[in-house]
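Enquirer: no sequence on this one, just coordinates:
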C-alpha cells in the first residue's frame with residue numbers, strides 16, 4: 001500500500017487523537033468529567049471558585065447555572081474572580097465581564113462556557129478539556 005505524505009499525516013493524526021499515553025493517562029486533547037457536587041450547593045447568585053485549580057468557575061445567575069473556563073484565552077494563565085463577579089488575568093492584565101466576554105486585552109477571545117449537566121442524583125457534572 002502506497003500512501004502520499006498527506007495521507008500518512010492525516011492517518012497519523014487520526015490515530016494519535018484517539019490514543020492514550022503509555023502510562024494510560026489521557027492525551028492533551030481528551031476531556032474528563034468533574035463532579036462539582038450537589039446543585040443545591042450553588043443556590044445563591046454568584047461566582048463559585050472551588051474548581052478554579054481544575055480550570056473552571058461555577059456561575060449562578062438567576063435560573064442559570066453554568067461552568068465558565070478559569071483559563072485566560074490569551075496565554076492560558078489561571079484567572080482570578082473579582083468581587084464584582086468579573087475575571088482578571090494576573091499574567092498580562094486581560095479582563096472579562098461576568099459572562100466571560102473580553103473587556104480589556106490582550107486577550108481577544110471570550111472565555112468558553114464548558115458543557116455541564118445535572119445527573120439523576122442532583123450532582124453538577126462539568127465536562128473539562130484536559131490541558
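Expert: Thanks, I have the structure now. Quick caveat, the model's predicted, so the values are computed rather than measured.
Enquirer: Next up, the contacts around residue 58.
Expert: Going by C-beta atoms under 8 Å, 6 or more residues apart in numbering, residue 58 touches 36, 42, 47, 48, 50, 51, 65, 66, 67, 124, 126. To be clear about C-beta, it is placed using only N, CA and C from the backbone, and glycine gets the same treatment.
Enquirer: repeat for residue 49
Expert: With C-beta under 8 Å, 6+ apart, residue 49 has these contacts: 57, 70, 81.
Enquirer: how does it look with 10 Å?
Expert: Contact analysis of residue 49 by C-beta atoms under 10 Å, 6 or more residues apart in numbering lists 56, 57, 58, 70, 79, 80, 81.
Enquirer: The third one belongs to a strand?
Expert: Think residue 58. Yes. Assigned with DSSP: H, G, I helix; E, B strand; the rest coil, residue 58 falls within a strand.
Enquirer: what is it paired to in the beta sheet?
Expert: Residue 58 has these beta-bridge partners by DSSP bridges: residue 48, residue 67.
Enquirer: follow-up on the earlier one: out of the contacts of residue 49, which one sits closest to residue 108?
Expert: Within the contacts of residue 49, proximity to residue 108 (C-beta to C-beta) peaks at residue 79, which comes in at 15.3 Å.
Enquirer: that older thread, most widely separated two among the contacts of residue 49?
Expert: Longest span within the contacts of residue 49, C-beta to C-beta: 58 and 80, 15.4 Å.
Enquirer: so residue 89 touches residue 107, yeah?
Expert: Yes. Assessed by C-beta atoms under 10 Å, residue 89 is found in contact with residue 107 at 6.8 Å.
Enquirer: Could you report the neighbour count for residue 77?
Expert: 16 (other C-beta atoms under 10 Å).
Enquirer: Ignoring the adjacent residues along the chain, who's closest to it?
Expert: Among residues not flanking residue 77 along the chain, residue 91 sits closest, at 3.7 Å (C-beta to C-beta, 6 or more residues apart in numbering).
Enquirer: Equivalent analysis for residue 98, please.
Expert: Nearest non-adjacent residue to residue 98, counting by C-beta to C-beta, 6+ apart: residue 85, 4.1 Å away.
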